[in-house]
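S.K.: 3D model of this:
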Amino acid sequence: MILLVEDDRFILEGLTLSLRGEGFSLVTASSLKEASSIVKEKLNQIEMVLLDVTLPDGSGFDLFYEIRKKSGIPVLFLTAMDDEIHKVMALEQGADDYITKPFHIRELIARMRAVMRRYKGTESALIRIGENLIDLTKGKIYRNDQEVLLSAMEYKLLLIFVNNKNQLLTRELILDCLYDDLGEYVSDNTLTVYIKRLRDKMGSDFIETVRGVGYRVKGD
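M.R.: Down below sits the predicted model:
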């Protein structure tokens with residue numbers, strides 16, 4: 001299902017007719033409030049969002065940030081603002097594409113399909129462990145819908161656990177992986193500190209300690 005957010009009724013009706021004619025299933029919204037309500041209720045059913053930047057009750061970026069706290073589904077901005085600043089801002093924040101009005105419907109559909117192909121190739125890069133959502137493609141982590149900020153070392157440590165999910169890792173193996181990745185010596189005490197920091201940010205039960213052996217992160 002595609003979520004189409006557009007406040008111009010003429011454009012909304014035209015896109016709805018064209019996209020449904022191409023076989024897309026649609027749900028539409030013409031305001032930030034309406035779109036936010038749909039996201040809260042149907043996020044797990046939405047495959048892509050077509051999002052106007054300028055809405056009557058706010059900015060499309062607000063909805064974009066709300067979505068990104070919960071999901072990495074593709075978001076394609078539709079906007080009359082063709083200045084470089086807005087394009088760069090959207091793409092740097094993680095938007096999948098940005099198309100300026102007016103546009104040809106065939107171009108929009110081609111871009112939508114290209115984005116969907118890319119997304120299907122990276123869908124497995126979204127990993128949920130407990131209350132944490134890890135987007136490996138964008139290097140972002142969310143806990144209870146709030147973005148978690150990690151240092152470079154904390155993120156490297158997280159990747160080691162995520163890439164070896166459900167496996168018991170000894171401290172020696174973790175230290176070896178950190179050394180190979182960073183190319184610099186990491187002490188045993190430093191590892192202890194960063195494991196504690198990761199637990200503080202990801203949840204105390206995120207990393208399981210197996211006494212006398214090592215650590216493990218459990219996940220589906």
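
S.K.: C-alpha only now, for contacts and for neighbours.
M.R.: Noted.

S.K.: Flag every buried residue along the longest helix seen in the chain.
M.R.: The longest helix of the chain (DSSP state H) is helix 105-122. Within helix 105-122, the residues that count as buried by 16 or more other Cα atoms under 10 Å are L108, R111, M112, V115, M116, Y119.

S.K.: Reformat the residues you listed as CSV; add pLDDT and distance to P102.
M.R.: As requested, the buried residues of helix 105-122 are arranged in CSV below (pLDDT from 0 to 100; distance: Cα to Cα, whole Å):
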residue, pLDDT, distance to P102
L108, 90, 10
R111, 87, 15
M112, 90, 16
V115, 83, 20
M116, 83, 22
Y119, 72, 25
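
S.K.: For G214, state which of those is nearest.
M.R.: Closest approach to G214 among those (Cα to Cα): Y119, at 35.2 Å.

S.K.: Setting the sequence-adjacent residues aside, check what's closest to that closest one.
M.R.: Nearest residue to Y119, sequence neighbours excluded (Cα to Cα, 6 or more residues apart in numbering): P74, at 6.9 Å.

S.K.: Surely the one you found touches V115?
M.R.: Yes - the pair P74 and V115 qualifies as a contact (Cα atoms under 8 Å) at a distance of 7.0 Å.

S.K.: which neighbours do these two share?
M.R.: D96 (Cα atoms under 8 Å, 6 or more residues apart in numbering).

S.K.: buried stuff in the helix or strand that contains Y65?
M.R.: Of the helices and strands defined by DSSP states H and E, Y65 is found in helix 60-68. Neighbour counts using 16+ other Cα under 10 Å place G60, F61, L63, F64, E66, I67, R68 of helix 60-68 among the buried residues.

S.K.: try stretch 35-47
M.R.: Of the residues in stretch 35-47, those buried by neighbour count under the rule 16+ other Cα under 10 Å are A35, S36, I38, V39, L43, I46, E47.

S.K.: farthest-separated two in these?
M.R.: Checking the buried residues of stretch 35-47 with Cα to Cα, the most distant pair is S36 and E47, at 15.5 Å.

S.K.: before we move on, back to that, what's the residue nearest to Y119 sitting at in phi/psi?
M.R.: Backbone dihedrals for P74, given as degrees, to the nearest 10, come out at phi -60, psi 140.

S.K.: Please give me every residue in contact with it.
M.R.: Contacts here follow Cα under 8 Å, 6+ apart; on that basis P74 touches E47, M48, V49, A95, D96, V115, M116, Y119.

S.K.: now swap in L191 and tell me
M.R.: L175.
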